[in-house]
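here is the input, now give the coordinates:
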Amino acid sequence: QVQLVESGGGLVQAGGSLRLSCAASAPTFRNYHMGWFRQGPGKEREFVAVIHSNHITTSYADSVKGRFTISRDGAKNTVLLQMNSLKPEDTAVYYCAAAPYWTTVPSAYNYWGQGTQVTVSS
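So this is what the prediction gives:
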């Protein structure tokens, strides 16, 4: 069982930055691929970024490529999402999740955090 807790959300002006953190409760976290997803008002949950258990391979949604960076710290059992050049359309609840397989499909992720709100004002 892996428990995930996100933090770091908040209110920021367009063009600003935020860093989200996801803390995992179990050492088995290291065996999972870790993803970030988001769900905006009235929208379906969508893929944002994912990082392989090797800490190296990453993949991003086209909408955030070049602005967001995902990373993980095995010693601290955490996954980070650095978000720069934020836009109002980035406003959403952001979730971290863990999957045993390399995928961007939300339904394939076994474990989810409770989410953290990110609001970008124009």
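
and the residue nearest the centre of the protein?
The centroid of the chain falls nearest to residue 36 when counting by Cα atoms, centre = their mean (2.4 Å).

distance check, that one against residue 14.
20 Å (Cβ to Cβ, to the nearest Å). In this view, the C-beta of every residue, glycine as well, is placed from N, C-alpha and C.

picking that back up, for the residue nearest to the centre of the chain, which non-adjacent residue is closest in space?
Spatial nearest neighbour of residue 36, chain neighbours left out: residue 48 (4.3 Å); criterion: Cβ to Cβ, 6 or more residues apart in numbering.

pLDDT score assigned to the residue nearest to the centre of the chain?
Residue 36 carries a pLDDT value of 98.

what lines up beside the strand or helix carrying it in the sheet?
Assigned by DSSP states H and E, residue 36 belongs to strand 33-39. Strand 33-39 pairs in its sheet with strand 46-51 (antiparallel), strand 92-99 (antiparallel), by DSSP bridges.
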